[in-house]
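Engineer: Dropping a prediction and its sequence here:
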Amino acid sequence: MTATSQQTATVELTVGQVAETFGVTVRTLHHYDAVGLVVPSARTPAGYRLYTDGDLSRLASVVTYRRLGLSLDEVQAVLDGDGTPEEHLRRQRDAVVSRLGELEELVTAIDRALEREMEQRPATTDELKELFGDGYSEEYQAEAQERWGDSDAWKQSSSRTKRYTKADWEQVKAEQEAAGRQLVEAMRAGHAPTSEEAMDAAEANRLVIHRWFYDLDHAFHRNLGDLYVADPRFMRTYEDQAPGLAQYVRDAIHANADRHEQA
């Protein structure tokens with residue numbers, strides 16, 4: 001074969017080869033042929049269809065337009081309309097750019113919906129562990145459920161907290177820490193557990209539980225105060241913050257309960 005014949009030679013592919021190359025079915029190619037959208041220009045000696053370079057170029061345009069959502073009639077009108085090859089390519093490019101804009105808007109909408117869904121779903125165990133660290137223990141949760149699971153307070157707390165999102169738990173943690181600091185500051189400032197400062201701090205502590213977990217009256221709060229010094233784990237939680245804090249908190253809770261019951 002001469003150099004000239006090599007330059008003018010065209011590719012000729014069978015229906016099966018074209019289907020594999022373009023990722024379309026043989027049935028689709030036959031349909032395109034039947035409606036006159038992409039008609040193979042060559043034949044084998046046995047009469048089988050063969051696609052030439054020009055046919056493949058046209059098919060590539062059809063596939064592109066179809067992926068952009070154009071109907072077969074619209075594709076036919078674009079390909080068979082007036083205009084130079086350059087104008088046709090520009091129309092193709094404009095259609096692709098328009099579709100890209102639509103897809104970007106769709107991605108943005110999906111991202112926003114995903115963010116809303118993430119914000120509204122209940123926090124996972126891993127998120128709670130990350131948020132509370134050693135303050136969250138699945139083993140302790142199971143033990144607490146076994147110990148208090150039949151109580152109204154536990155049932156109410158479980159009903160509320162199962163819906164809490166990560167943002168809710170972040171707020172819970174912030175309020176708990178603020179109430180805890182108030183107690184520590186009152187003790188370090190030398191205020192007696194019966195002082196207004198200490199009782200106000202104890203009341204802030206009660207309100208966090210009352211607001212986020214279960215209805216907590218002052219009589220029940222007394223029982224919690226006693227638990228803070230009776231249970232070594234509760235006691236350690238306070239003692240790690242400041243030596244003597246567990247007993248101080250217990251006494252401030254009792255003083256605050258006395259104040260409200262006498263009011």
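Structural biologist: Thanks, I have it.

Engineer: rest of the way, CA atoms for contacts and neighbours
Structural biologist: Noted.

Engineer: Beta-bridge partners for the closest residue in space to residue 14 that isn't next to it in sequence, please?
Structural biologist: In space, not counting the residues next to it along the chain, residue 14 is nearest to residue 50; the distance is 4.9 Å by Cα to Cα, 6 or more residues apart in numbering. Each beta-bridge partner of residue 50 is listed here, defined by DSSP bridges: residue 42.

Engineer: And residue 50, what's its pLDDT?
Structural biologist: The model reports residue 50 with a pLDDT of 94.

Engineer: can you pull the contacts of it?
Structural biologist: Shown in contact with residue 50 (Cα atoms under 8 Å, 6 or more residues apart in numbering): 12-15, 40-44.

Engineer: So which of the residues you listed wins on neighbours?
Structural biologist: Neighbours here are counted as other Cα atoms under 10 Å. On that basis the top member of the contacts of residue 50 is residue 40, with 25 neighbours.

Engineer: circling back to that earlier point, where's the residue nearest to residue 14 relative to residue 37, distance?
Structural biologist: In this structure, residue 50 and residue 37 are separated by 15 Å, where distance is defined by Cα to Cα, to the nearest Å.

Engineer: related to what we said a few turns ago, could you dump the contacts of residue 50 into TSV with distance to residue 151 added?
Structural biologist: Supplementary listing: the contacts of residue 50 in TSV, determined by distance: Cα to Cα, whole Å:
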residue	distance to residue 151
12	81
13	78
14	77
15	74
40	79
41	83
42	84
43	85
44	85
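
Engineer: what number of residues lie near residue 73?
Structural biologist: So residue 73, with other Cα under 10 Å, has 10 neighbours.

Engineer: And the one 3 residues further on, by the same measure?
Structural biologist: Burial measure for residue 76: 17 neighbouring residues, criterion other Cα under 10 Å.

Engineer: any idea how far it is from residue 133?
Structural biologist: For residue 76, the distance to residue 133 under the criterion Cα to Cα works out to 64 Å.

Engineer: Tally up the residues packed near residue 190, please.
Structural biologist: A total of 10 residues lie near residue 190 under the criterion other Cα under 10 Å.
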